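K.L.:
Pasting the sequence and the predicted model now:
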Amino acid sequence: MTHQVITVPKIEVARYAAPRVTITPVTDVISAEPIPGRPKPGHYQGVLLNIRTGELQFHESTAHLEPWNKAWTAINDVPHQVWSRWNPGALFQSTGPHQWFEPVPELLSWTIDSGIPEWPYLNAAAANALLEEVAPVSQELLGSLFDGGGDLDWSAQSARAGRNMKRLFSRSRKAAGSETDADLVDFFEIVARFPQVYQPEMLCRPLDKLAEECEWPTRYLGVNEDWHGEIRSEFGKPYSDGSGIGLQVLGVRSWYRTILMNGDPRPLKEFEVWDGEHDRLTGSRITSTSTDTQVDAWVENEEENAARHGWRLLNVQEAAYQYREQLRSRDWDRLAVVGADIAALEEDTVPHAEKQLETRCAERTQLVAAAISWGCSDSEVAIRARVPRLAVRQLREGTGPLTGQLK
């Protein structure tokens with residue numbers, strides 16, 4: 001029995017050229033006393049970190065100081081803009097898998113466990129001191145993120161930093177060593193030791209579809225035999241109760257994305273923006289009868305055209321197929337109109353009706369032939385065009401013209 005030798009690409013995923021963390025000074029804090037009729041404020045103090053600017057700031061939710069709208073019967077009733085003002089950013093989660101395969105949010109948030117006997121609500125001085133304490137950990141988080149061509153992704157190191165920030169904001173107020181977070185493992189380490197986890201077919205996915213495809217190895221790698229359970233023999237951290245081994249895989253998207261980018265320095269641009277600037281689809285040769293091969297050829301040419309202008313386009317293929325579908329929908333609607341026109345003209349005795357009928361019949365034949373090429377059935381085309389099904393079949397088989405009219 002022979003085993004296929006898997007050649008894994010030799011790449012190094014770049015780290016984020018992170019901005020320097022800057023602290024926004026705290027000059028005042030809000031009251032912890034709720035308005036009459038409102039519940040106690042709870043843990044309303046927190047910290048925000050902007051991963052693009054490096055701004056680190058103290059935040060206080062004013063939810064306990066604002067009247068509750070009687071129309072809000074549950075938390076889900078609170079308008080999004082109000083909730084976002086109370087709780088801006090994406091709350092850092094210590095575990096995955098969602099946080100690890102989804103794009104890194106621009107604004108991260110942590111809740112401070114203040115408001116308890118052992119840690120009262122922070123005043124301005126205490127808040128500033130806490131920001132100073134976590135600033136180095138924040139910098140580690142930013143600087144250890146993976147950067148797959150402008151798309152930021154979590155690494156084990158950045159996730160550990162995020163966890164330590166959460167620990168520093170908890171009532172224990174103690175960071176932990178790397179051994180505590182041994183369940184966090186970078187994909188590049190796993191694939192280097194177990195090359196069988198590499199999936200070359202992932203490289204056949206469009207760059208803009210890669211994120212959703214990388215969800216599955218992030219979520220399931222190592223869980224069972226089908227997902228290479230053998231990697232838990234070397235990676236992961238045993239559960240405290242001995243029931244198994246915890247393993248959280250990070251950096252899958254940036255690893256594959258780096259291979260696909262292949263060191264391509266060109267900036268990315270959504271095709272929707274590109275098309276808005278250059279009106280490429282309207283001027284293309286794509287029609288309702290264009291085959292997949294013809295559409296794919298246009299996509300390839302358009303990507304090459306953008307490359308000559310220094311851009312790498314996203315979502316070109318999806319946009320091209322959607323455009324063809326729009327054309328087909330338009331022709332399908334037109335077929336119903338033309339079928340009705342022909343029915344009316346065949347009963348018309350006014351001058352020039354015969355010439356109009358000839359023109360409409362030619363158009364109907366063209367539209368029916370187009371619908372046949374899309375894969376529509378004889379019955380649905382016949383009903384739409386108001387012709388016998390046999391006439392559609394004969395046109396499909398090339399044994400006769402499209403004649404006849406349903407009465």
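P.N.:
That came through fine. Residues are numbered from 1 along each chain as shown.
K.L.:
following the lengthiest helix in the chain, which helix or strand comes up?
P.N.:
In the chain, with assignment by DSSP state H, the single longest helix is helix 316-345. Later in the chain than helix 316-345, the nearest helix or strand by DSSP states H and E is helix 353-374.
K.L.:
Between helix 316-345 and that next one, find me the angle.
P.N.:
Helix 353-374 runs at 150 degrees relative to helix 316-345, counting by axes from the mean of the first three to the mean of the last three Cα atoms, to 10 degrees.
K.L.:
Would you mind listing where the stretch 1-150 of the chain has pLDDT under the threshold?
P.N.:
Scanning the stretch 1-150 of the chain with the threshold set as pLDDT under 70 gives 1-6, 150.
K.L.:
quick one, strands of it?
P.N.:
For the stretch 1-150 of the chain, applying DSSP state E, counting those that start in this stretch gives strands covering 22-23, 45-50, 55-60, 90-91, 107-111, 146-147.
K.L.:
how about those in TSV, adding mean neighbour count?
P.N.:
The way it works is simple: take the backbone N, C-alpha and C, and place the C-beta from them, glycine included. Output for the strands of the stretch 1-150 of the chain, formatted as TSV (neighbours: other Cβ atoms under 10 Å):
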stretch	mean neighbour count
strand 22-23	14
strand 45-50	22
strand 55-60	20
strand 90-91	14
strand 107-111	18
strand 146-147	23
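K.L.:
Take those and lay them out in a markdown table including distance to residue 345.
P.N.:
Shown next, in a markdown table, are the strands of the stretch 1-150 of the chain (distance: least, Cβ to Cβ, whole Å):
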| stretch | distance to residue 345 |
| --- | --- |
| strand 22-23 | 75 |
| strand 45-50 | 66 |
| strand 55-60 | 70 |
| strand 90-91 | 62 |
| strand 107-111 | 63 |
| strand 146-147 | 65 |
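K.L.:
So which of those is nearest residue 364?
P.N.:
strand 90-91 (55.1 Å; Cβ to Cβ).
K.L.:
what's the neighbour count on residue 268?
P.N.:
15 (other Cβ atoms under 10 Å).
K.L.:
Who does it form a beta bridge with?
P.N.:
Counting by DSSP bridges, residue 268 forms beta bridges with residue 312.
K.L.:
tell me which strands and helices the longest helix of the chain is in contact with?
P.N.:
Applying 3 or more Cβ pairs under 8 Å, 6 or more residues apart in numbering; DSSP states H and E, one finds that helix 316-345 makes contact with helix 271-278, helix 292-308, helix 353-374, helix 378-385.
K.L.:
and residue 99, which of these is closest to it?
P.N.:
helix 271-278 (27.8 Å).
K.L.:
between that closest one and helix 292-308, what angle do the directions make?
P.N.:
Going by the same axes, to 10 degrees, helix 271-278 makes 70 degrees with helix 292-308.
K.L.:
Using PDB, list the CA coordinates for stretch 324-338.
P.N.:
Below are the C-alpha coordinates for stretch 324-338, written out as PDB (Å, rounded to 0.1, in the frame of the first residue of the first chain):
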ATOM      1  CA  ARG A 324     -25.900  36.900 -15.700                       C
ATOM      2  CA  GLU A 325     -28.700  35.900 -13.400                       C
ATOM      3  CA  GLN A 326     -30.200  39.400 -13.600                       C
ATOM      4  CA  LEU A 327     -30.100  39.300 -17.400                       C
ATOM      5  CA  ARG A 328     -31.800  35.900 -17.400                       C
ATOM      6  CA  SER A 329     -34.500  37.300 -15.100                       C
ATOM      7  CA  ARG A 330     -35.000  40.200 -17.400                       C
ATOM      8  CA  ASP A 331     -35.300  38.000 -20.400                       C
ATOM      9  CA  TRP A 332     -37.700  35.700 -18.600                       C
ATOM     10  CA  ASP A 333     -39.900  38.600 -17.800                       C
ATOM     11  CA  ARG A 334     -39.700  39.800 -21.400                       C
ATOM     12  CA  LEU A 335     -40.700  36.400 -22.700                       C
ATOM     13  CA  ALA A 336     -44.000  36.700 -20.900                       C
ATOM     14  CA  VAL A 337     -44.600  40.200 -22.300                       C
ATOM     15  CA  VAL A 338     -43.700  39.100 -25.900                       C
END
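K.L.:
What's the mean pLDDT across that stretch?
P.N.:
For stretch 324-338, mean pLDDT is 93.
K.L.:
so how far is that stretch off the chain centroid?
P.N.:
31 Å (Cα atoms, centre = their mean, to the nearest Å).
K.L.:
domains of the chain?
P.N.:
22-257, 267-407 (automatic domain parsing).
K.L.:
Could you dump those domains into JSON lines and include distance to residue 13?
P.N.:
Listed next are the domains of the chain as JSON lines, based on distance: least, Cβ to Cβ, whole Å:
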{"stretch": "domain 22-257", "distance to residue 13": "5"}
{"stretch": "domain 267-407", "distance to residue 13": "17"}
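K.L.:
Of those, which is nearest residue 12?
P.N.:
Closest approach to residue 12 among those (Cβ to Cβ): domain 22-257, 8.1 Å.
K.L.:
For stretch 388-401, buried residues please.
P.N.:
Neighbour counts using 16 or more other Cβ atoms under 10 Å place 388-389, 391-395 of stretch 388-401 among the buried residues.
K.L.:
oh sorry, the question was meant for stretch 34-46
P.N.:
Quick answer for stretch 34-46 (16+ other Cβ under 10 Å): 34, 41, 44-46.
K.L.:
What of stretch 173-188?
P.N.:
For stretch 173-188, by 16+ other Cβ under 10 Å, it's 175, 181-188.
K.L.:
Name the residues that touch that stretch?
P.N.:
13, 119, 137, 155-156, 159-160, 163-164, 167-168, 217, 221, 235-237, 246-252, 255 (Cβ atoms under 8 Å, 6 or more residues apart in numbering).
K.L.:
What's the per-residue pLDDT of residue 263 here?
P.N.:
The model's pLDDT for residue 263 equals 61.
K.L.:
do residue 403 as well
P.N.:
Value for residue 403, per-residue pLDDT: 61.
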